[in-house]
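> Turn this into a model:
(2 chains)
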2 protein chains.
Amino acid sequence: MSFILPSESIDGTHPCNGLHMNGQDSLVQPLLTDFYQITMCYAYWKTGTHNEPAVFDVFFRKNPFQGEFTVFAGLEDCLRFVENFKFSQSDIDYVKKILPENAEPEFYEYLETLNGSHLTIEAVAEGSVVFPKVPLLTINGPLAMCQLIETSILNLVNYASLVATNAARFRQASGWKIQLLEFGLRRAQGPNGGLTASKYCYIGGFDATSNVLAGKLYGIPVKGTQAHSFICSFSSPAELKVRLLNHKITNEKADLFQISMEKRAWLLDQFSWKAALSEVSDGELSAFVAYAIAFPDTFLALIDTYDVIRSGVVNFVAVSLALHDLGYRSMGCRIDSGDLSYLSKELRECFVKVSTLKGEYKFFEKMSIVASNDINEETIMSLNDQQHEINAFGVGTHLVTCQKQPALGCVYKLVAQSAQPKIKLSQDVTKITIPGKKKCYRIFGKNGYAILDLMMLEDEPEPQPNQQILCRHPFEESKRALVNANKIIKLHNVYWKDGEMITPLPTLNEIKEHVNESIRSTLRQDHRRYLNPTPYKVSVSERLYQFLHTLWLQNAPIGQLE
Amino acid sequence: MSFILPSESIDGTHPCNGLHMNGQDSLVQPLLTDFYQITMCYAYWKTGTHNEPAVFDVFFRKNPFQGEFTVFAGLEDCLRFVENFKFSQSDIDYVKKILPENAEPEFYEYLETLNGSHLTIEAVAEGSVVFPKVPLLTINGPLAMCQLIETSILNLVNYASLVATNAARFRQASGWKIQLLEFGLRRAQGPNGGLTASKYCYIGGFDATSNVLAGKLYGIPVKGTQAHSFICSFSSPAELKVRLLNHKITNEKADLFQISMEKRAWLLDQFSWKAALSEVSDGELSAFVAYAIAFPDTFLALIDTYDVIRSGVVNFVAVSLALHDLGYRSMGCRIDSGDLSYLSKELRECFVKVSTLKGEYKFFEKMSIVASNDINEETIMSLNDQQHEINAFGVGTHLVTCQKQPALGCVYKLVAQSAQPKIKLSQDVTKITIPGKKKCYRIFGKNGYAILDLMMLEDEPEPQPNQQILCRHPFEESKRALVNANKIIKLHNVYWKDGEMITPLPTLNEIKEHVNESIRSTLRQDHRRYLNPTPYKVSVSERLYQFLHTLWLQNAPIGQLE
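Predicted coordinates:
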């Protein structure tokens, strides 16, 4: 069901779906990195460790928005970045300028040879629900090359996952009957911040975007109505230059403004409105008529420019009934200010009354109400409590800026080098990395929901369903559980190896569907809920536990007290 | 003074400075807009008002970050967008898909003809301090064309101004002796979110960025050191494959690792350290030596991987003294965790002690200390209170995401059409627009600071210095003041007219300098301060006041009580 001017529905087979044509390619390039990656690369090269085989994990330490889940997004962007990784001559020239003059010239020859062909990238499927500490991606390859791509990978994963998670939370809050529309372009971090937001909000659970370029590049449905400036542009009927509209069936010309005026007078007689004719704006009626003449089949009016109850709704119903006389059907109205719960209920009550005036007006009771204006998760939940009558939310600022938490702290940590495990210690236990190359599983219980994620050492035997598996908290010694799995899913696939994409990438719509499916099958209601959600368990095998703690003790220096 | 590996200093004449080569051009295009701009455009066209001359103001209603000033940025981006505005054939084809099938084909011919040649754009100089309600830009031109560019203009101004303001606030908090480094790429909204952040943080008062692409495209100095992964990559001296470094002057080869080990042993004997030799990590020493061999002249070490006091500082001083023996000078150290105030003071105390060990170690007392880790305005002010010893801050997340307020609410409002003023009413007085085309002045008092901004009607005589000017609060009747100006500056210039840029655009470094100058000359200390700053006054002339209030009454419908 489409409430606002619909775009052609485009499925995942749209030729523009996929990063090659996303307009970002010119920016996702080797120099989109922190300078220290290049200085470290030089130091590795200079001291001869640049080609040592290394393993880096990408993970985060805490779910965003005080929630207990995260939606992983940005994988395709990372893979395309690696696929296209190549320093251009002008890049090399620039690097020469910013490194010290005495850097060795052979280093630049080395940089020129670099590409993604020696990397192997394993990752969780894009759109999966993920949890702290479990690697989203594991990058294997020459130490210096792995290091060089850190910043770009983090840049591509962090915001994509954050905003997809935010969108999924809006979807959880609003339920499935509501249409969610992303209106954030004007508040995003520049042009491509806006594009990224539109793409990943769609994946996370939004139905459409107002961003036309995102529609063109990614095949996302685009929606939109009108702004207050359109309404203000008609101060009086004198500014309405065109009034005629052809009847949809008979093609006969009719004066839509005249009919709307008549409908309005008639309506105000039919039942007791909260508006008097003197309060209803004629300029607003003129603007609605102008828009209806342009979009008679998809008329949707912004009704809060003057006063929703004392003007907007009267004019909207009048024009809608006039359109109805000419064979067209209005789509609905939008409110962008005021008490959205109260107004939506007043509107619904009015629409229901209108629907009883004549048999042919029955359609009016289901007239769509779109609400916007600083909407966030909390607003939606409060509106739910008040049993609002809204059919679609337009969300901008809070969605794309992720106001509640504008950054996801993904990190990129070295966990092995030359077959030796590496551990990053910290006085803060939550910041200690889990060393070594790992394999990760999601373990499902009898009720179909996931019980926990389990990380193991690479050479351990695969965990089997219907056998007791000992799962341990990575750091808290006493937290252990025996788990009898009903189903076990391996979390990682190899996506990129030997210079090739070896796992086919899903379309945008497939990723969107996977988000939905992953949330539904992974998260019990108590993990999903807004207030004090239950943390989902992330555990390690007994062997990984011992391995981690042995290495920790080996690396932590022994203090000396006297 | 440069603390971290310096890039070549590039001034504003860098050929890449300016938007033509900024890598965003492919995204800043007509379709980077909300769909409703296109539907409204069609409705204007369809009902014949599309070419009516219109005036739109771009302004915001509230300064961000609970402050009382905003830095205006993004102007050049807007002008380049208008300069290049042209629907491509593929754009038109896409618009055909998303508008209703029965839209008139002539509309697409009209779209093809659209460009910026009939627009006139007036604006405040980029980098100026600006205040609520005063137009940042005024766009004059055909109604539909002005409407079409709304979203792109807002997208380009909103985040640029927000992040430039944030950067300026960091600069206010830290003072001028501190070097400010932007490290936000990995937390920004995608690739171009990161680029935009780097550019406007530089304008706002940062000295350098870690973002190499921003360095290449905009000529901003880039800085960087090393990450924890570099330190972790050396677990023990066995992993250090190269140990030799040539003496800077004699070119004689020396074993830097060996000398560093000797220096370390010697140092621990010289005075009472808080570390014992058994606690000092040999892996860390190896990593420092590797980095020092690569960058002997710009050695800067990350010293918190193990323990700043018990390991990092000892190794850092040891390697620095070894480098000194070979004719090189270290640049400093970075701490990325822990109590930054305490650690910086401990470090300084240690460096001062080292500087007294030998006459030639005198340089050590001024050794640079760089601090990073979740730094925000409040952290900096707290560190100031504690009399920290930090020389440079590296700031990422809080800076680029503008965590405290991640969106500036710039709006784009119709204020005149066909020579008639337009007003947008609202029950919320702060949301009422100030109608008509206006001219705006900044009025300076005897002490050199600005007193207030004044908006007037276009046809009023210019205000003159040393004459009484009546300035009124736009909405509060009783708030009036007579002002005797010492100096008056007209706030707007015409930048774009008849398809041409008619005011030369400043370079990035000129804009940066203007930010500094504008803050200094406009804002008294009480407007700038962090806690409860005094609001800067924005006023209207007596005539504009009367004009606004007459129009308000004309447009507000009279309620009917019985």
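> CA atoms for contacts and neighbours, from now on please.
Fine.
> Show me what counts as buried in stretch A:481-498.
Neighbour counts using 16 or more other Cα atoms under 10 Å in any protein chain shown place A:483-488, A:491-492, A:494-497 of stretch A:481-498 among the buried residues.
> Same check on stretch A:177-184?
A:178-184.
> Can you lay out the residues you listed as CSV showing pLDDT, secondary structure and distance to B:Gln387?
Shown next, in CSV, are the buried residues of stretch A:177-184 (pLDDT from 0 to 100; DSSP: H, G, I helix; E, B strand; the rest coil; distance: Cα to Cα, whole Å):
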residue, pLDDT, secondary structure, distance to B:Gln387
A:Ile178, 97, coil, 54
A:Gln179, 97, strand, 54
A:Leu180, 97, strand, 50
A:Leu181, 97, strand, 50
A:Glu182, 96, strand, 46
A:Phe183, 95, coil, 46
A:Gly184, 92, coil, 42
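> could these go into CSV alongside distance to A:Gly219?
Shown next, in CSV, are these (distance: Cα to Cα, whole Å):
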residue, distance to A:Gly219
A:Ile178, 21
A:Gln179, 18
A:Leu180, 17
A:Leu181, 15
A:Glu182, 14
A:Phe183, 16
A:Gly184, 17
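> So which of the residues you listed is the closest to A:Phe206?
A:Leu180 (5.0 Å; Cα to Cα).
> domain assignment for chain A?
According to automatic domain parsing, chain A comprises the domains A:19-167+A:406-555, A:226-368.
> Can you redo the ones you listed as CSV, where the extra columns are mean pLDDT and distance to chain B?
Listed next are the domains of chain A as CSV, based on pLDDT from 0 to 100; distance: least, Cα to the nearest Cα, whole Å:
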stretch, mean pLDDT, distance to chain B
domain A:19-167+A:406-555, 94, 4
domain A:226-368, 95, 5
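> Would you tell me which of those gets closest to B:Phe288?
domain A:19-167+A:406-555 (10.0 Å).
> can you tell me which residue is nearest the centre of chain A?
A:Ala164 (2.4 Å; Cα atoms, centre = their mean).
> helix, strand or coil for it?
helix (DSSP: H, G, I helix; E, B strand; the rest coil).
> ok, and the closest non-adjacent residue to it?
Spatially, and ignoring its direct neighbours in sequence, A:Ala164 is nearest to A:Gly204 (4.4 Å; Cα to Cα, 6 or more residues apart in numbering or on different chains).
> what subset of the buried residues of stretch A:177-184 is also close to chain B?
Restricting these to those near chain B by Cα under 8 Å from any Cα of the partner chain leaves A:Phe183.
> Nearest to A:Cys232, out of the buried residues of stretch A:177-184: which one, please.
A:Phe183 (20.9 Å).
> isn't A:Lys446 right next to A:Asn486, touching?
Yes. In this structure, A:Lys446 is within contact of A:Asn486 by Cα atoms under 8 Å, at 5.5 Å.
> Can you name the residues that contact the closest residue to A:Gln467 other than its chain neighbours?
Nearest residue to A:Gln467, sequence neighbours excluded (Cα to Cα, 6+ apart): A:Asn484, at 5.5 Å. By Cα atoms under 8 Å, 6 or more residues apart in numbering or on different chains, the contact set of A:Asn484 is A:445, A:465-469.
> All the helices of the stretch 251-400 of chain A, residue numbers only.
Taking DSSP state H, counting those that start in this stretch as the test, the helices found in the stretch 251-400 of chain A are A:256-270, A:282-294, A:313-325, A:340-355, A:377-385, A:397-401.
> Next, format the ones you listed as JSON lines and append distance to A:Met367 and mean neighbour count.
Output for those, formatted as JSON lines (distance: least, Cα to Cα, whole Å; neighbours: other Cα atoms under 10 Å in any protein chain shown):
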{"stretch": "helix A:256-270", "distance to A:Met367": "17", "mean neighbour count": "18"}
{"stretch": "helix A:282-294", "distance to A:Met367": "16", "mean neighbour count": "27"}
{"stretch": "helix A:313-325", "distance to A:Met367": "10", "mean neighbour count": "25"}
{"stretch": "helix A:340-355", "distance to A:Met367": "7", "mean neighbour count": "19"}
{"stretch": "helix A:377-385", "distance to A:Met367": "19", "mean neighbour count": "16"}
{"stretch": "helix A:397-401", "distance to A:Met367": "26", "mean neighbour count": "27"}
